[in-house]
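Peer 1: Take a look and give me a structure for this.
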Amino acid sequence: MTTGQKPGLRRLAAALLATAASAFAMGSAHAAYPDKPVRIVVGFSAGGTTDVIARIMAKELTESLGQSFVVENKPGAGSNIATDQVQRAAPDGYTLLFVAVTSAINQTLYKNVTFDLTKDFAPVALGAKVPNILVVNPQVPVKSVQELVEYAKKNPGKLAFASSGSGTSIHMAGELFKMKAGIDVLHVPYKGSAPAMTDLIGGQVQFMFDNMPSAWPHAQSGKLRALAVTTSDRSKSAPDLPTMKESGFADFDVSSWFGLLAPAGTPPEVINKLNAAMQQALDKASVQTSFEKLGAVGVKTTPAEFGQFIKSEVDGWAPVIKASGATVD
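Peer 2: This is a model prediction of the structure:
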(Lines give C-alpha, C1' and ligand atoms only; values in the text may rest on other atoms or scores of the structure.)
Protein backbone atom coordinates (compact mmCIF):
# COMPACT_ATOMS: atom_id res chain seq x y z
CA MET A 1 0.00 0.00 0.00
CA THR A 2 1.47 3.40 -0.97
CA THR A 3 1.60 6.41 1.27
CA GLY A 4 -0.52 8.29 -1.25
CA GLN A 5 -3.70 6.31 -0.53
CA LYS A 6 -6.57 8.18 1.08
CA PRO A 7 -7.39 7.54 4.79
CA GLY A 8 -10.82 6.15 3.85
CA LEU A 9 -9.29 3.54 1.58
CA ARG A 10 -6.76 2.61 4.25
CA ARG A 11 -9.57 2.10 6.78
CA LEU A 12 -11.54 -0.01 4.28
CA ALA A 13 -8.50 -2.14 3.54
CA ALA A 14 -7.84 -2.59 7.26
CA ALA A 15 -11.46 -3.59 7.88
CA LEU A 16 -11.34 -6.17 5.07
CA LEU A 17 -8.13 -7.61 6.43
CA ALA A 18 -9.63 -7.82 9.92
CA THR A 19 -12.73 -9.56 8.59
CA ALA A 20 -10.64 -12.06 6.66
CA ALA A 21 -8.48 -12.71 9.70
CA SER A 22 -11.54 -13.23 11.86
CA ALA A 23 -13.09 -15.64 9.34
CA PHE A 24 -9.78 -17.53 9.12
CA ALA A 25 -9.57 -17.73 12.91
CA MET A 26 -13.14 -19.01 13.18
CA GLY A 27 -12.52 -21.58 10.45
CA SER A 28 -9.34 -22.70 12.17
CA ALA A 29 -11.17 -22.99 15.49
CA HIS A 30 -13.85 -25.19 13.94
CA ALA A 31 -11.21 -27.28 12.21
CA ALA A 32 -9.43 -27.76 15.54
CA TYR A 33 -12.63 -28.79 17.36
CA PRO A 34 -12.52 -30.08 19.99
CA ASP A 35 -9.55 -28.42 21.66
CA LYS A 36 -10.86 -28.88 25.22
CA PRO A 37 -13.10 -31.37 27.08
CA VAL A 38 -16.74 -31.68 25.98
CA ARG A 39 -19.71 -32.20 28.30
CA ILE A 40 -22.49 -34.61 27.35
CA VAL A 41 -25.45 -33.88 29.62
CA VAL A 42 -27.81 -36.79 30.41
CA GLY A 43 -31.21 -36.08 31.96
CA PHE A 44 -31.32 -39.31 33.95
CA SER A 45 -29.41 -40.91 36.82
CA ALA A 46 -26.31 -43.00 36.27
CA GLY A 47 -26.90 -46.65 35.46
CA GLY A 48 -30.05 -46.33 33.35
CA THR A 49 -30.20 -47.22 29.67
CA THR A 50 -29.79 -43.60 28.50
CA ASP A 51 -26.74 -43.15 30.72
CA VAL A 52 -25.14 -46.46 29.70
CA ILE A 53 -25.51 -45.78 25.96
CA ALA A 54 -24.29 -42.19 26.43
CA ARG A 55 -21.14 -43.48 28.15
CA ILE A 56 -20.49 -46.00 25.38
CA MET A 57 -20.68 -43.21 22.80
CA ALA A 58 -18.69 -40.76 24.95
CA LYS A 59 -15.83 -43.27 25.14
CA GLU A 60 -15.83 -43.66 21.37
CA LEU A 61 -15.96 -39.90 20.73
CA THR A 62 -13.04 -39.43 23.14
CA GLU A 63 -10.94 -41.97 21.26
CA SER A 64 -11.94 -40.65 17.83
CA LEU A 65 -11.63 -36.91 18.41
CA GLY A 66 -8.76 -36.81 20.89
CA GLN A 67 -10.47 -34.88 23.70
CA SER A 68 -12.41 -36.05 26.74
CA PHE A 69 -16.18 -36.35 26.28
CA VAL A 70 -17.48 -36.38 29.83
CA VAL A 71 -20.99 -37.55 30.75
CA GLU A 72 -22.73 -35.32 33.29
CA ASN A 73 -25.96 -36.59 34.87
CA LYS A 74 -28.63 -33.95 35.50
CA PRO A 75 -31.80 -35.88 36.40
CA GLY A 76 -35.09 -34.18 37.20
CA ALA A 77 -38.46 -33.20 35.69
CA GLY A 78 -38.44 -36.14 33.31
CA SER A 79 -35.09 -34.98 31.82
CA ASN A 80 -36.37 -31.42 31.23
CA ILE A 81 -33.77 -29.88 33.55
CA ALA A 82 -30.94 -31.24 31.44
CA THR A 83 -32.66 -30.33 28.18
CA ASP A 84 -33.23 -26.75 29.31
CA GLN A 85 -29.62 -26.43 30.49
CA VAL A 86 -28.21 -27.47 27.12
CA GLN A 87 -30.69 -25.28 25.27
CA ARG A 88 -29.21 -22.24 27.05
CA ALA A 89 -25.58 -23.29 26.60
CA ALA A 90 -23.19 -21.61 24.18
CA PRO A 91 -23.59 -23.07 20.67
CA ASP A 92 -19.94 -24.02 20.35
CA GLY A 93 -20.08 -27.82 20.54
CA TYR A 94 -18.71 -28.08 24.08
CA THR A 95 -22.05 -28.74 25.80
CA LEU A 96 -24.16 -31.47 24.21
CA LEU A 97 -27.35 -33.31 25.17
CA PHE A 98 -27.78 -37.06 24.99
CA VAL A 99 -31.49 -37.07 24.31
CA ALA A 100 -34.06 -39.87 24.66
CA VAL A 101 -37.63 -40.41 23.45
CA THR A 102 -38.78 -38.92 26.77
CA SER A 103 -38.00 -35.42 25.54
CA ALA A 104 -40.25 -35.87 22.48
CA ILE A 105 -43.06 -36.98 24.79
CA ASN A 106 -42.41 -34.14 27.25
CA GLN A 107 -42.97 -31.59 24.50
CA THR A 108 -46.71 -32.30 24.79
CA LEU A 109 -46.92 -33.89 28.24
CA TYR A 110 -45.67 -30.84 30.17
CA LYS A 111 -47.85 -27.75 30.12
CA ASN A 112 -45.02 -25.28 30.72
CA VAL A 113 -42.11 -26.84 28.85
CA THR A 114 -39.38 -24.27 28.26
CA PHE A 115 -37.91 -25.64 25.04
CA ASP A 116 -38.91 -26.62 21.53
CA LEU A 117 -37.10 -29.81 20.69
CA THR A 118 -37.50 -29.20 16.95
CA LYS A 119 -36.24 -25.60 16.94
CA ASP A 120 -33.94 -25.00 19.91
CA PHE A 121 -31.42 -27.73 19.09
CA ALA A 122 -29.16 -28.76 16.26
CA PRO A 123 -29.52 -32.51 15.64
CA VAL A 124 -26.24 -34.42 15.48
CA ALA A 125 -27.12 -38.09 15.12
CA LEU A 126 -29.48 -40.80 16.28
CA GLY A 127 -27.36 -43.41 18.03
CA ALA A 128 -29.49 -46.35 19.11
CA LYS A 129 -32.94 -47.78 19.54
CA VAL A 130 -34.09 -50.21 22.22
CA PRO A 131 -37.26 -52.22 21.58
CA ASN A 132 -40.04 -52.34 24.11
CA ILE A 133 -41.54 -55.74 24.73
CA LEU A 134 -45.13 -56.64 25.63
CA VAL A 135 -45.18 -59.07 28.54
CA VAL A 136 -48.06 -60.57 30.53
CA ASN A 137 -48.35 -62.38 33.82
CA PRO A 138 -48.44 -66.13 33.04
CA GLN A 139 -51.77 -66.44 34.87
CA VAL A 140 -53.42 -64.40 32.10
CA PRO A 141 -54.75 -67.06 29.68
CA VAL A 142 -53.32 -65.59 26.48
CA LYS A 143 -50.38 -66.51 24.27
CA SER A 144 -50.56 -63.84 21.59
CA VAL A 145 -51.36 -60.16 21.18
CA GLN A 146 -54.67 -60.93 19.49
CA GLU A 147 -55.66 -63.27 22.32
CA LEU A 148 -54.86 -60.49 24.80
CA VAL A 149 -57.10 -58.08 22.87
CA GLU A 150 -59.94 -60.61 22.77
CA TYR A 151 -59.54 -61.37 26.48
CA ALA A 152 -59.56 -57.67 27.36
CA LYS A 153 -62.71 -57.09 25.31
CA LYS A 154 -64.45 -59.96 27.10
CA ASN A 155 -63.38 -58.51 30.47
CA PRO A 156 -63.74 -54.71 30.13
CA GLY A 157 -62.21 -52.74 32.96
CA LYS A 158 -60.76 -55.82 34.65
CA LEU A 159 -57.22 -55.77 33.28
CA ALA A 160 -54.52 -53.34 34.35
CA PHE A 161 -51.22 -52.48 32.69
CA ALA A 162 -48.20 -51.17 34.57
CA SER A 163 -45.73 -48.49 33.62
CA SER A 164 -42.60 -46.91 35.08
CA GLY A 165 -44.50 -43.65 35.53
CA SER A 166 -47.10 -41.42 33.91
CA GLY A 167 -45.87 -39.95 30.66
CA THR A 168 -42.96 -42.34 30.16
CA SER A 169 -42.46 -44.09 26.84
CA ILE A 170 -43.57 -47.30 28.56
CA HIS A 171 -46.82 -45.66 29.62
CA MET A 172 -47.38 -44.17 26.17
CA ALA A 173 -46.81 -47.54 24.48
CA GLY A 174 -49.59 -48.95 26.65
CA GLU A 175 -51.89 -46.05 25.82
CA LEU A 176 -51.19 -46.44 22.11
CA PHE A 177 -52.04 -50.15 22.36
CA LYS A 178 -55.21 -49.36 24.32
CA MET A 179 -56.27 -46.79 21.72
CA LYS A 180 -55.52 -48.91 18.64
CA ALA A 181 -57.00 -52.10 20.11
CA GLY A 182 -60.12 -50.34 21.39
CA ILE A 183 -59.95 -51.96 24.82
CA ASP A 184 -60.94 -50.78 28.30
CA VAL A 185 -57.94 -51.35 30.57
CA LEU A 186 -56.57 -49.50 33.60
CA HIS A 187 -53.17 -47.80 33.72
CA VAL A 188 -51.23 -48.23 36.98
CA PRO A 189 -48.12 -46.00 37.17
CA TYR A 190 -45.13 -46.89 39.36
CA LYS A 191 -42.02 -45.01 40.41
CA GLY A 192 -39.73 -46.83 38.06
CA SER A 193 -39.64 -50.02 36.01
CA ALA A 194 -38.39 -52.29 38.83
CA PRO A 195 -41.42 -51.95 41.17
CA ALA A 196 -43.76 -52.19 38.19
CA MET A 197 -42.09 -55.43 37.12
CA THR A 198 -42.30 -56.78 40.66
CA ASP A 199 -46.07 -56.28 40.77
CA LEU A 200 -46.50 -57.69 37.27
CA ILE A 201 -44.68 -60.87 38.28
CA GLY A 202 -46.77 -60.97 41.46
CA GLY A 203 -50.04 -60.65 39.53
CA GLN A 204 -51.18 -57.28 40.91
CA VAL A 205 -51.25 -56.03 37.29
CA GLN A 206 -51.70 -58.13 34.17
CA PHE A 207 -49.46 -56.75 31.42
CA MET A 208 -46.83 -54.17 30.61
CA PHE A 209 -44.72 -52.71 27.83
CA ASP A 210 -41.17 -52.47 29.12
CA ASN A 211 -37.67 -51.99 27.74
CA MET A 212 -36.27 -55.28 26.52
CA PRO A 213 -33.17 -55.29 28.78
CA SER A 214 -35.29 -55.37 31.95
CA ALA A 215 -38.24 -57.48 30.73
CA TRP A 216 -36.67 -60.16 28.56
CA PRO A 217 -34.75 -62.01 31.34
CA HIS A 218 -38.03 -62.51 33.23
CA ALA A 219 -39.65 -63.88 30.10
CA GLN A 220 -36.75 -66.26 29.55
CA SER A 221 -37.04 -67.52 33.14
CA GLY A 222 -40.78 -68.13 32.78
CA LYS A 223 -41.83 -65.51 35.32
CA LEU A 224 -43.53 -63.59 32.50
CA ARG A 225 -44.85 -64.46 29.05
CA ALA A 226 -43.57 -62.36 26.15
CA LEU A 227 -46.06 -61.65 23.36
CA ALA A 228 -44.34 -59.20 20.98
CA VAL A 229 -41.68 -56.57 20.43
CA THR A 230 -42.78 -53.06 19.54
CA THR A 231 -40.32 -52.29 16.75
CA SER A 232 -41.03 -52.77 13.05
CA ASP A 233 -38.38 -55.53 12.85
CA ARG A 234 -37.78 -58.49 15.11
CA SER A 235 -35.09 -58.19 17.76
CA LYS A 236 -31.81 -60.09 17.42
CA SER A 237 -32.07 -60.74 21.16
CA ALA A 238 -35.41 -62.52 20.69
CA PRO A 239 -35.64 -63.56 17.03
CA ASP A 240 -38.61 -65.89 17.58
CA LEU A 241 -40.74 -63.17 19.14
CA PRO A 242 -43.16 -61.55 16.65
CA THR A 243 -43.52 -57.81 16.19
CA MET A 244 -46.68 -55.87 16.95
CA LYS A 245 -46.99 -55.35 13.20
CA GLU A 246 -47.00 -59.11 12.66
CA SER A 247 -49.60 -59.34 15.42
CA GLY A 248 -52.13 -57.20 13.60
CA PHE A 249 -51.03 -53.63 14.45
CA ALA A 250 -49.71 -52.37 11.13
CA ASP A 251 -48.26 -49.01 12.21
CA PHE A 252 -47.25 -49.88 15.78
CA ASP A 253 -43.55 -49.00 15.78
CA VAL A 254 -42.49 -47.87 19.24
CA SER A 255 -39.04 -47.93 20.76
CA SER A 256 -36.89 -46.11 23.22
CA TRP A 257 -34.34 -44.15 21.22
CA PHE A 258 -31.23 -42.18 22.07
CA GLY A 259 -29.21 -39.58 20.20
CA LEU A 260 -27.01 -36.52 20.38
CA LEU A 261 -28.13 -32.87 20.16
CA ALA A 262 -26.29 -29.56 20.33
CA PRO A 263 -27.70 -26.08 21.02
CA ALA A 264 -29.21 -24.38 17.97
CA GLY A 265 -26.61 -22.29 16.15
CA THR A 266 -23.75 -24.73 16.63
CA PRO A 267 -21.52 -24.47 13.52
CA PRO A 268 -22.27 -27.07 10.82
CA GLU A 269 -18.57 -28.02 10.74
CA VAL A 270 -18.79 -29.09 14.39
CA ILE A 271 -22.07 -30.95 13.86
CA ASN A 272 -20.65 -32.83 10.87
CA LYS A 273 -17.47 -33.77 12.71
CA LEU A 274 -19.50 -35.18 15.63
CA ASN A 275 -21.83 -37.01 13.26
CA ALA A 276 -18.92 -38.62 11.40
CA ALA A 277 -17.40 -39.79 14.69
CA MET A 278 -20.77 -41.26 15.76
CA GLN A 279 -21.12 -43.17 12.47
CA GLN A 280 -17.59 -44.50 12.80
CA ALA A 281 -18.31 -45.69 16.34
CA LEU A 282 -21.47 -47.53 15.26
CA ASP A 283 -19.40 -49.57 12.79
CA LYS A 284 -17.16 -50.96 15.53
CA ALA A 285 -17.73 -54.55 16.59
CA SER A 286 -17.11 -53.66 20.25
CA VAL A 287 -19.91 -51.08 20.19
CA GLN A 288 -22.27 -53.47 18.46
CA THR A 289 -21.52 -56.12 21.08
CA SER A 290 -22.15 -53.66 23.92
CA PHE A 291 -25.44 -52.63 22.33
CA GLU A 292 -26.57 -56.24 21.87
CA LYS A 293 -26.10 -56.86 25.59
CA LEU A 294 -28.58 -54.02 26.19
CA GLY A 295 -30.98 -55.23 23.52
CA ALA A 296 -30.12 -52.06 21.62
CA VAL A 297 -29.60 -51.58 17.89
CA GLY A 298 -27.26 -48.95 16.46
CA VAL A 299 -28.90 -46.59 13.98
CA LYS A 300 -27.04 -44.35 11.52
CA THR A 301 -28.50 -41.01 10.42
CA THR A 302 -27.38 -37.72 8.96
CA PRO A 303 -28.10 -34.64 11.09
CA ALA A 304 -31.00 -33.77 8.79
CA GLU A 305 -32.48 -37.27 9.06
CA PHE A 306 -32.26 -37.14 12.84
CA GLY A 307 -34.02 -33.77 12.82
CA GLN A 308 -36.84 -35.20 10.71
CA PHE A 309 -37.06 -38.20 13.02
CA ILE A 310 -37.38 -35.98 16.11
CA LYS A 311 -40.18 -33.98 14.49
CA SER A 312 -42.03 -37.19 13.59
CA GLU A 313 -41.71 -38.40 17.19
CA VAL A 314 -42.98 -35.12 18.68
CA ASP A 315 -45.89 -35.01 16.24
CA GLY A 316 -46.64 -38.72 16.57
CA TRP A 317 -46.82 -38.84 20.36
CA ALA A 318 -48.91 -35.67 20.75
CA PRO A 319 -52.33 -37.24 19.92
CA VAL A 320 -51.59 -40.30 22.08
CA ILE A 321 -50.72 -38.11 25.07
CA LYS A 322 -53.80 -35.97 24.58
CA ALA A 323 -56.04 -39.04 24.25
CA SER A 324 -54.59 -40.53 27.45
CA GLY A 325 -55.33 -37.36 29.42
CA ALA A 326 -51.83 -37.45 30.93
CA THR A 327 -50.37 -34.06 31.78
CA VAL A 328 -47.69 -32.58 34.06
CA ASP A 329 -47.62 -28.96 35.28
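
Peer 1: Could you pull up the contacting residues of the closest residue to residue 242 other than its chain neighbours?
Peer 2: Nearest residue to residue 242, sequence neighbours excluded (Cβ to Cβ, 6 or more residues apart in numbering): residue 228, at 5.3 Å. Placement of C-beta: from N, CA and C, glycine included. Going by Cβ atoms under 8 Å, 6 or more residues apart in numbering, residue 228 touches 133-134, 145, 241-244, 246-247.

Peer 1: same thing with residue 141?
Peer 2: 147, 151.

Peer 1: What are the phi and psi values at it?
Peer 2: phi -80, psi 60 (degrees, to the nearest 10).

Peer 1: all helices for the stretch 1-150 of the chain, in order.
Peer 2: In the stretch 1-150 of the chain, the helices defined using DSSP state H, counting those that start in this stretch lie at 7-32, 49-65, 80-87, 101-109, 145-154.

Peer 1: Check which residues of the third one are buried.
Peer 2: Residues 80, 82-87 are the ones in helix 80-87 that count as buried (16 or more other Cβ atoms under 10 Å).

Peer 1: Next: the second one.
Peer 2: Applying a neighbour-count criterion of 16+ other Cβ under 10 Å, one finds 49-62, 64-65 buried in helix 49-65.

Peer 1: for the residues you listed, which one is nearest residue 305?
Peer 2: Lowest distance from residue 305 to these (Cβ to Cβ) belongs to residue 57, with 17.4 Å.

Peer 1: and the closest residue to residue 97 other than its chain neighbours, how far is that from residue 207?
Peer 2: Closest residue to residue 97 apart from its sequence neighbours, by Cβ to Cβ, 6+ apart: residue 86 at 4.0 Å. Going from residue 86 to residue 207 by Cβ to Cβ, to the nearest Å gives 36 Å.

Peer 1: Model confidence score at the most centrally placed residue in the chain, please.
Peer 2: By Cα atoms, centre = their mean, the mean C-alpha position of the chain lies nearest to residue 100, the distance being 2.2 Å. If you check residue 100, the pLDDT there is 94.

Peer 1: just checking, it touches residue 79?
Peer 2: Yes. Assessed by Cβ atoms under 8 Å, residue 100 is found in contact with residue 79 at 6.7 Å.

Peer 1: quick one: common contacting residues for those two?
Peer 2: Residues touching both residue 100 and residue 79 (Cβ under 8 Å, 6+ apart): 43-44, 50.
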